[in-house]
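**Q** heads up, no residue letters with this:
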């Protein structure tokens, strides 16, 4: 039998870490039907039962506004799981318990999980589990996704809850509100959870208004003091939460902790950002130092394999040059990519990266964005498609569209092998510094583009940032490894699909019509035909052709260069040309997948067109400036 288990919780409560602990690597990512919100699922077997876990998007309340919040609410309302786990942060449980009370209104099978219990104990926080269960009337499990404490108990509780459902009616909101709820219940069809929707209607929820019977006009039934009633409902819930915690939780720690002192330094308005840049530089330096031996070993291995096969015939040329040299040139940089994501994973798991949104909020405010946008854009360092899709979590439409349009300027991981190749050729003694500069330029170009787009394309006012920062945690090696694998594995997948096919196509264009001279190839004809456009930038035809092929996926630029020159080691680029090329690659046309995501998220062809035209224009101008200034200096 398959038991479906949904994980619900506020952002940054360790819900995904708990999910990883429950299912390990047995997870997969898809999309929710009808929308592009990521759907993360996993399954495991326990006591001859199959537990199917769904990690639902984080939210603070079931009065959803953003698309991912609506996905969670609709899933719980229309297709509820067999068991619903509400994950609550043991260090600050108030907001999570508020969400628990809302979830109970849906009449679901609920388990309350107080996570990070190990940190709570270290900070002198204790919970009386039996008191919690008595007041909340649902099973309570104290867990730690970091240490694994309570995981077995949670699995047993899931089975017990499935076999013996619990659906308590927890709160009575008083005669005034309860009478309104009873009155409103007749305005909804029997197929819905009438009490939940009636409460939401009293709170003024637009979603509840849309589900009223067709003959019911919202303005005719809604009370004039609706906002006052909504406040009373929220106050009743928070009062109940406070009452429960006063009886079931004790805290013996009151002095400032060492972590709070460190956080004060890391989030300081003057030294916080320099610390962030310093840590990013160390991450890039680690990337090169840690991966260098393995990168060199892979390059030598592919080179020897290429020499062994040779290229005396069309078949051996296809294998050695088209596949091994083309695909291998990209694969050789995978250790560097994984090393970078390992470093970023430590920063993410420790709770530091979300604080960058807080630090950058003041700067983002001047761009008519917020720290929320910065957090969304940070995902672009993995993949621009991710940051474009994550923008759906932004409730302000102007901010959402602006974030989508500037996302392609964030240096995604697909550009990493291109940067590594160029930097290794032109700046072999200053690789970490050059890599760091490219990421600084990426942030600067993203900020500049946000300013321009808000002035010309989108117009509106900035909105304030309100966010809850996660605590600092000692990173779990398994969670960091999962983070690294989930963000780096697509390179291996792309190497066997898009890059392989593209490498073969590039080989065909190089091999024909004259296999003895690449200067007479179709690829050369394409590059030379358009070289006049890029002549002011100092680009040769090989570079022009590689950029054209790389519009499909940026990694193909590496594959193309490797085939044009018979290996990455044979490429020659002077520092000025290399700098101009990297700046152009930083800004030029988004890959096809990103353009498709922009089209999907905006439901308009206008914005992909704007993205292409603007990115090509700004990248050409900046590359030209770099080329002119570089030639003057050098």
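**A** Cool, got the structure. Just so it is clear, the model here is predicted, and its values are computed rather than measured.
**Q** drop to CA atoms for contacts and neighbour counts, all remaining ones
**A** OK.
**Q** can you list the weak-confidence ranges in this structure?
**A** 25-38, 167-170, 253-259, 361-372, 393, 395, 457-469 (pLDDT under 70).
**Q** can you map out the strands along the stretch 151-300 of the chain?
**A** With DSSP state E, counting those that start in this stretch, the ranges of strands along the stretch 151-300 of the chain come out as 249-251.
**Q** And the helices in it?
**A** For the stretch 151-300 of the chain, the helices defined by DSSP state H, counting those that start in this stretch cover 151-163, 175-184, 194-202, 206-210, 218-221, 226-248, 258-266, 272-309.
**Q** TSV for those, including distance to residue 528 and mean neighbour count?
**A** Formatted as TSV, the helices of the stretch 151-300 of the chain follow (distance: least, Cα to Cα, whole Å; neighbours: other Cα atoms under 10 Å):
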stretch	distance to residue 528	mean neighbour count
helix 151-163	63	16
helix 175-184	72	15
helix 194-202	64	23
helix 206-210	58	16
helix 218-221	66	12
helix 226-248	68	16
helix 258-266	51	13
helix 272-309	28	16
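**Q** Reformat those as TSV; add distance to residue 65.
**A** Formatted as TSV, those follow (distance: least, Cα to Cα, whole Å):
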stretch	distance to residue 65
helix 151-163	30
helix 175-184	22
helix 194-202	13
helix 206-210	9
helix 218-221	19
helix 226-248	16
helix 258-266	31
helix 272-309	31
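**Q** Of these, which is nearest residue 350?
**A** helix 258-266 (11.3 Å; Cα to Cα).
**Q** Mind listing residues that contact the closest one?
**A** Outside helix 258-266, the residues within contact range by Cα atoms under 8 Å, 6 or more residues apart in numbering are 271, 272, 275, 276, 472.
**Q** For the residues you listed, work out which two are farthest apart.
**A** Longest span within the contacts of helix 258-266, Cα to Cα: 271 and 472, 18.5 Å.
**Q** Give me the more crowded residue out of those two.
**A** residue 472 (17 against 12; other Cα atoms under 10 Å).
**Q** mind checking the SS state of the more buried one?
**A** Counting by DSSP: H, G, I helix; E, B strand; the rest coil, the backbone at residue 472 sits in coil.
**Q** Just give me the neighbour total for the residue lying closest to it once chain neighbours are set aside.
**A** Excluding its sequence neighbours, the residue lying closest to residue 472 (Cα to Cα, 6 or more residues apart in numbering) is residue 351, at 4.8 Å. Number of residues near residue 351 (other Cα under 10 Å) recorded here: 19.
**Q** and if you look at residue 214?
**A** Residue 214: 10 neighbours (other Cα under 10 Å).
**Q** What of residue 575?
**A** Neighbour tally, residue 575, other Cα under 10 Å: 18.
**Q** hang on, the earlier thing: how close does the residue nearest to residue 472 sit to residue 484?
**A** Look at residue 351 and residue 484: by Cα to Cα, to the nearest Å, they are 16 Å apart.
**Q** And residue 61, by the same measure?
**A** 31 Å.
**Q** Next: residue 571.
**A** 30 Å.
**Q** More neighbours: which of these two?
**A** A side-by-side neighbour count of residue 571 and residue 484, using other Cα under 10 Å, places residue 484 first with 21 against 15.
**Q** Wait, the more buried one touches residue 342, no?
**A** Yes. Using Cα atoms under 8 Å, residue 484 makes contact with residue 342 at a distance of 5.2 Å.
**Q** Near residue 546, how many other residues are there?
**A** Residue 546: 23 neighbours (other Cα under 10 Å).
**Q** so what's it closest to, chain neighbours aside?
**A** Residue 546 sits nearest to residue 557 (Cα to Cα, 6+ apart), 4.9 Å away.
**Q** buried sites along the helix or strand containing residue 42?
**A** Element membership of residue 42 [criterion: DSSP states H and E] is strand 38-46. Using 16 or more other Cα atoms under 10 Å as the test for burial, strand 38-46 gives 38, 39, 40, 41, 42, 43, 44.
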